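Asks: Structure here, sequence nowhere to be found:
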């Protein structure tokens, strides 16, 4: 299965002065017949969240290509614990190498892995994952955050397995998938607006993956 992938990471206007390099990090990998795209949005209060987001999302992407079948078949609680444990291991390793506290690497995590017929999605925080075909578009994983009081679920949360949303389903009926950064669901409240957005790249789209054949 071939996919066309395109992504963008931008520095938000409110961060341009203090964080010129931004904190969003995107990742794509393909191995063992599994294609993975992901977005990590670093916490602005954590001094190394851009590094943590980049290295963590790359590590979890590789993990998804290796353990896709296991995560797809496992009971939900088991799958959530496996992912949470892997995140903790990566953060612990980063802390040892970089000589910084795990809290310094805090970020959200939003990813989807697909083979020819199935998908596995991971959503920890305020990202949003959508899918579309010629007839319709659907949000398959919504943000966990309550924006009214801004609850941030991050990779350093003590209860990662209780916060992370894992989705599993049929990928064959979709032509493509997209990951949106925090809060974008509010801009695309209707399926029609969502479908129109899928057909073009905008600054609001972090990552898009489209089936080629």
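Replies: Thanks, I have it. Values in this document were obtained by computation on a predicted structure and should not be read as measured data. Numbering: from 1, shown residues only.
Asks: out of everything not next to it in sequence, what's closest to residue 67?
Replies: Take residue 67 and drop its neighbours on the chain: the residue closest to it by C-beta to C-beta, 6 or more residues apart in numbering is residue 82, 7.4 Å away. Yep, even glycine has a C-beta here, placed from its N, CA and C like the rest.
Asks: Just the buried positions in the one helix or strand that neighbour maps to, please.
Replies: When secondary structure is defined by DSSP states H and E, residue 82 falls within helix 76-98. In terms of neighbour count (16 or more other C-beta atoms under 10 Å), helix 76-98 has its buried residues at 79-84, 86-88, 90-91, 94-95.
Asks: How about stretch 158-175?
Replies: Taking 16+ other C-beta under 10 Å as the neighbour-count basis, stretch 158-175 is seen to contain the buried residues 160-161, 163-166, 171, 174.
Asks: Closest one to residue 117 out of those residues, please.
Replies: Closest to residue 117 out of those is residue 171 (6.1 Å), distances taken as C-beta to C-beta.
Asks: isn't the closest one right up against residue 113?
Replies: No - assessed by C-beta atoms under 8 Å, residue 171 is found out of contact with residue 113, at 9.4 Å.
Asks: So for those two, which residues contact both of them?
Replies: Residues touching both residue 171 and residue 113 comprise residue 119, with contact defined as C-beta atoms under 8 Å, 6 or more residues apart in numbering.
Asks: hang on, the earlier thing: any chance of CSV for the buried residues of stretch 158-175, columns secondary structure, distance to residue 131 and pLDDT?
Replies: Converted to CSV, the buried residues of stretch 158-175 look like this (DSSP: H, G, I helix; E, B strand; the rest coil; distance: C-beta to C-beta, whole Å; pLDDT from 0 to 100):
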residue, secondary structure, distance to residue 131, pLDDT
160, helix, 25, 86
161, helix, 25, 89
163, helix, 22, 87
164, coil, 19, 90
165, strand, 15, 92
166, strand, 16, 95
171, coil, 8, 93
174, coil, 4, 91
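Asks: coming back round to it: helices or strands up against the helix holding residue 82?
Replies: Here helix 76-98 is seen to pack against helix 49-73, helix 160-163, strand 165-170 when contacts are counted using 3 or more C-beta pairs under 8 Å, 6 or more residues apart in numbering; DSSP states H and E.
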